[in-house]
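In: task: produce atomic coordinates for the following.
(one chain, ligands or ions: 2)
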Amino acid sequence: MYANPFAHITAGALVPEQIVSYVTAVGESRPVLFGECVAYDLDGQRVLISYAPGSSPDEDMQAAASAMNAATNVAIGAALADGGCASLTVLGPARPGNAPHSAASHEDTYAFLALPPAAPGQNLRNMLRRGSRECVVTEEQWTGEHADLVKTYLDSRPFEAGTRHIFSRIPNYLAASPEAALFAARDASSRLLAFVIGDFAGLSTAFYMFAFRRNDCPPGVGDVLLQTIVDRATQRGHQWLNLGLGVNKGIAAFKDKWGATLRLPCVETSWSPASSGTARAGSAARKAPQTAKGDADPLAVFTRPGFSLRRFLFGEQRPFDCLQIEVTSRCSATCAYCPHTTKQAVWRERHMEDATFAALEPLIRRAKRVHLQGWGEPLLHPRFFEYAGAAGRIGAAVSTTTYGLAVNKANAARLVDSGIDIVAFSLTGVDGPSNAARSGAPFDGVQSGILALGEAKRLAGSEFPHIHLAYLMLAPEAENVARLPDLMHSLDVPVAVVSTLDYIAAPGMEAEAYAPHEEEKIERARVLLHTAAQRAADMGRTIHYSLPGTHGRNDCNEHIQTCMYIDAEGLIAPCIYVNLPTDEHDPCRRAFGSARERNPLDIWNDREYARFRSRLAAGDPDLPCVSCAKRFERVY
Ligand code: SF4
Ligand code: SF4
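Out: Ligands and ions are numbered 1, 2, ... in the order given. Below you'll find the model as predicted:
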């Protein structure tokens, strides 16, 4: 019998999440037993670990998964039954049988090394020989020196806040876990080169928990440190060393060199009881969202992700930098250079439907940013704020560009409350006359919107949303940009992004733009912009600008290898320029599928879409890109 109610979980640990002292120290969560499984609770967000304590990575995983499912289903029922569960994440070798259909699952695999390991191959022998010439390894207690090395390591790599937080809790973990050991590698002058932490609390499986090294750490030192953990685990009679998930290609290669095999699935399945139908009846606080008419709201699929150890430990994988989403193609303005004006006879006026936005959920969960704006004024969409809230709820940064007229006092307060981090206001000038091209979106209206948003931020004591200017510099009015720093100062706008006309909406408008061959015209604009940017910098403000260069690149400023454009009907295209909402034949139209009909991730992987992207990257662009200004632009 174990006096500690969780001791048998740790003793039978197969994965690090079953080392209870580790998870509670780094996750600051409370362990709870549900059936045979341990769960961690953080303010109602629960992570249930469904690996059977004492099982082996050698077992037939199919059999293990079905045995697991029976026990897990009982544990899930218990975890949901006590009423305190706001979200549930189940981590185990398979998706739980009773997870609701809508629950999202992500899969990875743990790498294991069988102990004692096979004799090292030539490559590993060389590395071990080389590393052992460079360092001496000792077991040490945690000190400020180790903390400094972690800080340097983090400063040189793009880790997420959650991962940084867990690393800051390592001293707490070491203090709480007597079976964890820190091994340090030092050079001849005792300088700390690297250190690793192993955990030997499990009876049959040991764990390679953390590894940090200096950027100039000699090759082979990491191998020598891992050898130390392997030796300790072998001496103690462990049969396996869990080397962690195969999330990172570089780390995977390191594990491969050691003969580790990916043998234990790690399936993370998350859902919110509120949206799954498993919530108790009458729980008003967790009721699924409804539309104004009382129907079930399609946006209910945007469930907040549960507390996730995996995400917490390894950072979230969000491969898409930005999704530009056209929530509407309607607009009350008639800007002279905009196709909404020049192609009015064939324009498709439509708001995005809720079901279309909901269909984008798998994409948005994988995107760092969602920019709500297309060929239209986004704030005219009746559910703009709900869309912004839904995207933010699942972890994407949300921004928008507006013509400003709809930013009255009430909407300004909603923008502050929405979680949107950037609101850009469109202008083509610095006063009424110079902004005349924006017919129907007069300068005074934009100015009022900016001031209203600034006031709403002040009242709420909020830093967000940041206010930017999206300034379109039309060539005949280029001189006005000299006054842009003063305008930014008077409206207290910290950042302006100046662009030039990329899309020629009607014949004859070329004079308003800058073509790559117009070198003198471009140089005059560059000098103007450079001078304005310097003045703005002197005033503590920033002007970013872009201008065409003479040569096209194998990329474009829409960054289509990591970004995409989705129109109000759910059609997915590389950029806003190749899918105008018109009913005319357009030889440059390139849309690769509708999110209403196919999983948007499948559309991203569509062969023709992938070919479009690879042709641009290979310098053999498709027709719309051949003379597109975005391919020639340089950002300053
Ligand atoms: S405000 Fe925007 S969408 Fe509306 S006409 Fe002007 S440029 Fe076009
Ligand atoms: S180069 Fe091609 S993909 Fe890029 S913005 Fe232009 S048309 Fe779009």
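
In: mind checking how far Val416 is from Glu455?
Out: The gap separating Val416 from Glu455 is 10 Å, by CB to CB, to the nearest Å. For glycine as for every other residue, the C-beta is placed from the backbone atoms N, C-alpha and C.

In: out of those two, which sits in the busier spot?
Out: Neighbour count, other CB atoms under 10 Å: between Val416 and Glu455, Val416 has more, with 22 against 14.

In: now do the phi/psi pair for that one.
Out: When quoted as degrees, to the nearest 10, the phi and psi of Val416 stand at phi -60, psi -40.

In: could you do Leu547 as well?
Out: Torsion angles, degrees, to the nearest 10, at Leu547: phi -140, psi 150.

In: who does it bridge with?
Out: Note on Leu547: beta-bridge partners by DSSP bridges are Arg634.

In: what about it, neighbour count?
Out: 22.

In: low-confidence ranges in the protein?
Out: Residues of the chain meeting the criterion pLDDT under 70: 1-3, 59-68, 156-164, 246-251, 274-295, 304-317.

In: and the strands in the stretch 51-200 of the chain?
Out: Here the stretch 51-200 of the chain has its strands, by DSSP state E, counting those that start in this stretch, at 87-92, 104-114, 136-140, 180-186, 192-199.

In: most tightly packed of these?
Out: The highest mean neighbour count among those, using mean count of other CB atoms under 10 Å, belongs to strand 87-92: a mean of 25.

In: pairing partners for that one, with directions?
Out: strand 45-49 (parallel), strand 261-271 (antiparallel).

In: those: which one's closest to ligand 1?
Out: Closest to ligand 1 of those is strand 261-271 (CB to the nearest ligand atom; 37.7 Å).

In: centre of the chain to that closest one, how far?
Out: 20 Å (CA atoms, centre = their mean, to the nearest Å).

In: just the C-alphas of it, formatted as PDB.
Out: The C-alpha coordinates for strand 261-271 follow below in PDB (Å, rounded to 0.1, in the frame of the first residue of the first chain):
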ATOM      1  CA  THR A 261      12.000   4.300 -31.400                       C
ATOM      2  CA  LEU A 262       8.700   6.100 -31.600                       C
ATOM      3  CA  ARG A 263       6.500   3.500 -29.900                       C
ATOM      4  CA  LEU A 264       3.900   5.100 -27.700                       C
ATOM      5  CA  PRO A 265       1.100   7.200 -29.200                       C
ATOM      6  CA  CYS A 266       0.200  10.400 -27.400                       C
ATOM      7  CA  VAL A 267      -3.300  11.400 -28.300                       C
ATOM      8  CA  GLU A 268      -4.600  14.600 -26.800                       C
ATOM      9  CA  THR A 269      -8.400  15.100 -27.000                       C
ATOM     10  CA  SER A 270     -10.000  18.200 -25.700                       C
ATOM     11  CA  TRP A 271     -13.600  19.400 -25.300                       C
END
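
In: what's the angle between it and strand 104-114?
Out: 150 degrees (axes from the mean of the first three to the mean of the last three CA atoms, to 10 degrees).

In: list the buried residues in strand 261-271.
Out: Under the neighbour-count criterion of 16 or more other CB atoms under 10 Å, strand 261-271 has Leu262, Arg263, Leu264, Pro265, Cys266, Val267, Glu268, Thr269, Ser270, Trp271 buried.

In: in the stretch 151-300 of the chain, which residue sits nearest ligand 1?
Out: The stretch 151-300 of the chain approaches ligand 1 most closely through Leu299 (24.5 Å), counting by CB to the nearest ligand atom.

In: I'd assumed Glu386 was in contact with that residue.
Out: Yes. At 5.9 Å, Leu299 counts as touching Glu386 under the criterion of CB atoms under 8 Å.

In: tell me which of the two has more neighbours.
Out: A count of neighbours by other CB under 10 Å puts Leu299 above the other of Leu299 and Glu386, at 22 against 18.

In: nearest residue to the more buried one in space, please, no chain neighbours.
Out: Distances taken as CB to CB, 6 or more residues apart in numbering place Ala390 nearest to Leu299, at 4.7 Å, with adjacent residues excluded.

In: what do you get for Leu245?
Out: What sits nearest to Leu245 in space, not counting adjacent residues and going by CB to CB, 6+ apart, is Asp108, at 4.6 Å.

In: quick check: residues of the stretch 451-600 of the chain near ligand 2?
Out: Contact residues, the stretch 451-600 of the chain versus ligand 2 (CB under 6 Å from any ligand atom): Cys556, Glu558, Ile560, Pro574, Cys575, Tyr577, Val578.

In: does the second one touch Cys575 like I think?
Out: Yes. Using CB under 8 Å as the test, Glu558 is close enough to Cys575 to be in contact (4.0 Å).

In: now do the shared contacts for those two.
Out: Shared contacts of Glu558 and Cys575 (CB atoms under 8 Å, 6 or more residues apart in numbering): Tyr565, Lys630.

In: make TSV out of the strands of the stretch 51-200 of the chain and add distance to Arg535.
Out: Output for the strands of the stretch 51-200 of the chain, formatted as TSV (distance: least, CB to CB, whole Å):
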stretch	distance to Arg535
strand 87-92	50
strand 104-114	49
strand 136-140	55
strand 180-186	52
strand 192-199	47
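
In: of all the ones you listed, which one is nearest Ile467?
Out: Closest approach to Ile467 among those (CB to CB): strand 87-92, 33.5 Å.

In: thank you kindly, that will do.
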